[in-house]
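S.K.: A structural model of the following input is requested.
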Amino acid sequence: MTASMIDYTKQGIEMPGTRSHGQTGLKVSPDKDCLGVRQYDPATGAFGDYVWQSYTTVSQRRFNFGSGLVEIHHQLFPELDEGARKQWTVAIWGPNRPEWTIAGLACDAYNLISVGLFDALEIEAIVYSIGHSEAPIMVACVDHLVPLIKNADRMPKLKVIISMDRLGNSNKTPGDHAKGNLDACDILYAWAEEKGIRLLDFDQVEQLGAHSRREHTPPKPEDLFVISYTSGTTGLPKGAMITHANYATFLATCERCYPIFKEDITISYLPLGHIFGRVMETIAFSAGARFGYVPRLLNRIYARVKAETIDVSDETGVQARMAFEAKMANYMAGKGVHHPEWDRVVFHKVRQILGGNYFDTCLPASAPVSSEILAFCRVAFSCDIVEVYAQTESTGVATVTNVGCEIKLIDAPELNYLTTDKPYPRGEICIRGPPVIKGYYKNEEKTRETFDDQGFLHSGDIAVLYPNGTFKIIDRAKNIFKGEYVAAENIENKLLARVPFIQQLFVHGDSHQSCLVAIMVPEPEAFLSMAQKILTLNLSTEDPDVFRDAIMIEPTPFTVENGRLTPTFKIKRHPVVQEYREQLTAMYDEIHQRMSRL
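M.R.: The predicted structure follows:
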């Protein structure tokens, strides 16, 4: 499907508003649940049941908030004519929550450019992104207000900050702050005022919009929908320019290939700052479905299920292994992911981890998942797992199992991958088509590096092309260690797929070293079981140092918060090397000393 096949004025979905009229979600589910949130109870230390807002409520709030944004912009820049008021940026920084979604939908409705920022981004990346996108208005959660106000001098284009959370004393005027008797919110307002920032909360903007309601503004196909700042492992973020044509083309394709129905519940662990997280939310809304979030990664779910089933040594493990063998044989024979006996006896309990009978389809994204894990999870959860090959530059998804746009391989001679390789061609994946973005915002150099003159996006992923037209990612053009050209991610992915007690793995190489070392974060349950077995064995090697010198065990997981992962859960290789430089050097030294004694 191409952008020219989409009627932007008649076939568009009013909810979420990437096009004009048509309103599928709002039309089919006006009083049904749309957005839900679990409220935290400090007394019990637990989250309660979901509290839902209907499609009608969300639609009303969306237009109120969007009208409020437009009114604030008019107040900030009264001298601008209507032509100059189009396509300005609104930054959104915070965790997945209804206010994030409503702010994004409001931007869609009034043809504003939303700049979605990962909640876990450090302030330096935020300052750069705000300055680069020249956003005059930012929507942020209360936890981010202090660093934003503190750094306001470094973001001269930023004029208004809107808190997702309700602020006390929000009805006070700026002059009230000079009268004394200030509480915490008063101090925050006064500090923002001193920095030249107008501080509002979400309710205030909705109320302002309700009293100055405006008609929504349908976009043109070439208008920018989102500037999505990539969370690369090195260097400054790049602003991927995603147009309404990019976004709508992909949505139309997904709706035809993998339809979602109003009875469905869509679950995603990805932050809304991630373009694929935004895509999945939009697809759910277009069908009138409900949308929720799950914090676990498929690799970790796999490790947990495996540790609690087939790795157990008692009768439960024996039964689980029999069940898995029977279902896996069925699956490999093309008989599907269900089994009339074992689903009832064993696998109905496993399905409860991801929603029980509600769980039907899973779309893993953002990081590679091995074929072993995919097959295991399909059998364990009795569900369809649709493989997604995705990049921000292809509007979140390039292919979803069935290829739907132009894709090819080119030679990568420096890695010895050629399209003439036998038995199957190998090379770097290049993508072209309506979902592919037109470049990076105000960054011609990176645009020329990534996109060629024919319009192909050079992905940096190395793949093999099979006769049936499917691709398998086997390597990465980057993250290689020169000399022997060892691909770290390839080793990491293979070990993560085959060794269940590894939760995270960082492999390090040096062009001046003749070996590799690694930092391993264990999966607690599986690692404990493995460690207990090892303690009962007589290790046959005469050199027990072999088991420890090349691998360091790190008990603290790599997270976005401790700076070791990007917001899309990829290892930040350079910062990790800097943090563990002393330990990595010590491992190399130990290996050299041992080898010198041989």
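
S.K.: hey, let's count contacts and neighbours off CA atoms from now on
M.R.: Fine.

S.K.: Correct me if wrong: Cys141 contacts Asp165.
M.R.: Yes - counting by CA atoms under 8 Å, Asp165 is a contact partner of Cys141 at 6.1 Å.

S.K.: In the stretch 201-350 of the chain, where is pLDDT below threshold?
M.R.: For the stretch 201-350 of the chain, the stretches with pLDDT under 70 are 231-235, 253-261, 263-269, 291-300.

S.K.: more crowded one of Cys141 and Asp165?
M.R.: Ranked by neighbour count (other CA atoms under 10 Å), Cys141 and Asp165 place Cys141 first, with 22 against 15.

S.K.: Spatially, which residue comes closest to the more buried one, not counting chain neighbours?
M.R.: Met164 (4.8 Å; CA to CA, 6 or more residues apart in numbering).

S.K.: same thing with Phe285?
M.R.: Gly25 (5.4 Å).

S.K.: for the helix or strand hosting the one you found, packing partners?
M.R.: In the assignment (DSSP states H and E), Gly25 maps to helix 24-28. Counting contacts by 3 or more CA pairs under 8 Å, 6 or more residues apart in numbering; DSSP states H and E, helix 24-28 packs against helix 55-76, helix 275-287.

S.K.: Give me the angle between the next helix or strand after the longest one and helix 55-76.
M.R.: Towards the C-terminus, the helix or strand next in line after helix 55-76, according to DSSP H and E, is strand 89-93. Strand 89-93 and helix 55-76 meet at an angle of 120 degrees, taking axes from the mean of the first three to the mean of the last three CA atoms, to 10 degrees as the criterion.

S.K.: C-alpha coordinates for the helix holding Gly25, PDB please?
M.R.: In PDB, the C-alpha atoms belonging to helix 24-28 read as follows (Å, rounded to 0.1, in the frame of the first residue of the first chain):
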ATOM      1  CA  THR A  24     -13.400   4.300  13.900                       C
ATOM      2  CA  GLY A  25     -12.400   3.900  17.600                       C
ATOM      3  CA  LEU A  26     -14.800   6.500  18.900                       C
ATOM      4  CA  LYS A  27     -17.600   5.300  16.600                       C
ATOM      5  CA  VAL A  28     -17.500   1.600  17.500                       C
END
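
S.K.: returning to that earlier point: for the helices and strands packed on helix 24-28, which one ends up most surrounded?
M.R.: Compared across the helices and strands packed on helix 24-28, helix 275-287 shows the largest average neighbour count, a mean of 24 (mean count of other CA atoms under 10 Å).

S.K.: Which residue ranges make up the domains of this structure?
M.R.: 3-293, 298-386, 389-476, 480-596 (automatic domain parsing).

S.K.: quick one: His338 and Val379 touch, right?
M.R.: Yes - in terms of CA under 8 Å, His338 counts as a neighbour of Val379; the distance is 7.5 Å.

S.K.: residues shared between the contacts of the two?
M.R.: Lys327 (CA atoms under 8 Å, 6 or more residues apart in numbering).

S.K.: Looking at these two, which has the bigger crowd around it?
M.R.: The neighbour comparison of His338 against Val379 (other CA under 10 Å) goes to Val379, with 27 against 20.

S.K.: what separates that one from His339, distance-wise?
M.R.: 9 Å (CA to CA, to the nearest Å).

S.K.: Find residues that contact each of these two.
M.R.: Lys327.

S.K.: how about the helices in the stretch 401-550 of the chain?
M.R.: Secondary structure of the stretch 401-550 of the chain (DSSP state H, counting those that start in this stretch): helices located at 444-450, 488-498, 524-535.

S.K.: just how off-centre is the second one within its chain?
M.R.: It refers to helix 488-498. With CA atoms, centre = their mean, to the nearest Å as the basis, helix 488-498 stands 21 Å off its chain's centre.

S.K.: CA atoms only for that helix - export them in PDB, please.
M.R.: The C-alpha trace of helix 488-498 is given here as PDB (Å, rounded to 0.1, in the frame of the first residue of the first chain):
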ATOM      1  CA  ALA A 488      29.700  -8.700  20.000                       C
ATOM      2  CA  GLU A 489      26.000  -8.600  19.700                       C
ATOM      3  CA  ASN A 490      26.000 -11.800  17.700                       C
ATOM      4  CA  ILE A 491      27.800 -13.600  20.500                       C
ATOM      5  CA  GLU A 492      25.600 -12.100  23.200                       C
ATOM      6  CA  ASN A 493      22.400 -13.000  21.400                       C
ATOM      7  CA  LYS A 494      23.400 -16.600  20.900                       C
ATOM      8  CA  LEU A 495      24.400 -17.100  24.500                       C
ATOM      9  CA  LEU A 496      21.300 -15.400  25.800                       C
ATOM     10  CA  ALA A 497      19.200 -17.700  23.700                       C
ATOM     11  CA  ARG A 498      21.000 -20.900  24.800                       C
END
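
S.K.: Going by neighbour count, list what's buried in that helix.
M.R.: By neighbour count on 16 or more other CA atoms under 10 Å, the buried set for helix 488-498 is Ala488, Glu489, Asn490, Glu492, Asn493, Leu496, Ala497.

S.K.: which residue packs closest to the first one, ignoring adjacent ones?
M.R.: Residue nearest to Ala488 in three dimensions, not counting chain neighbours: Val507, with 5.7 Å by CA to CA, 6+ apart.

S.K.: cool, and the third one?
M.R.: Excluding its sequence neighbours, the residue lying closest to Asn490 (CA to CA, 6+ apart) is Asp475, at 5.6 Å.

S.K.: Check the gap between Gln60 and Phe501 for me.
M.R.: 49 Å.

S.K.: How about Trp100?
M.R.: 36 Å.

S.K.: Could you check which of those two is surrounded by more residues?
M.R.: Phe501 (24 against 21).

S.K.: Cross-check the contact I'm expecting between Gly288 and Cys34.
M.R.: Yes - applying CA under 8 Å, one finds Gly288 in contact with Cys34, separated by 7.3 Å.

S.K.: More neighbours: which of the two?
M.R.: Comparing Gly288 with Cys34 by other CA under 10 Å, the one with more neighbours is Gly288, at 30 against 26.

S.K.: and the nearest residue to that one once chain neighbours are set aside, how many neighbours?
M.R.: Nearest residue to Gly288, sequence neighbours excluded (CA to CA, 6+ apart): Gly25, at 3.8 Å. By the criterion of other CA under 10 Å, Gly25 has 26 neighbours.

S.K.: who touches Asn64 in this structure?
M.R.: Val205, Glu206, Gln207, Leu208, Gly209, Ala210, Arg213.

S.K.: rerun that using 10 Å as the cut-off
M.R.: Contacts for Asn64 (CA atoms under 10 Å, 6 or more residues apart in numbering) come out as 58, 102, 106, 203, 205-214.

S.K.: One more: Ile462?
M.R.: Contacts of Ile462 by CA under 10 Å, 6+ apart are 409-412, 415, 417, 426-430, 471-478.

S.K.: Distance check, Met530 against Glu428.
M.R.: Met530 is 38 Å from Glu428, by CA to CA.

S.K.: quick revisit: tell me the predicted confidence for the residue nearest to Gly288.
M.R.: The model reports Gly25 with a pLDDT of 72.

S.K.: and if you look at Trp100?
M.R.: At Trp100, pLDDT is 93.

S.K.: shouldn't it be in contact with Met164?
M.R.: Yes - using CA atoms under 10 Å, Trp100 is in contact with Met164, at 7.7 Å.

S.K.: between the two, what contacts are shared?
M.R.: Ile92, Trp93, Gly94, Val139, Ala140, Cys141.

S.K.: In JSON lines: those residues, plus distance to Val51 and pLDDT.
M.R.: Listed next are these as JSON lines, based on distance: CA to CA, whole Å; pLDDT from 0 to 100:
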{"residue": "Ile92", "distance to Val51": "23", "pLDDT": "97"}
{"residue": "Trp93", "distance to Val51": "23", "pLDDT": "95"}
{"residue": "Gly94", "distance to Val51": "20", "pLDDT": "92"}
{"residue": "Val139", "distance to Val51": "23", "pLDDT": "98"}
{"residue": "Ala140", "distance to Val51": "22", "pLDDT": "97"}
{"residue": "Cys141", "distance to Val51": "19", "pLDDT": "94"}
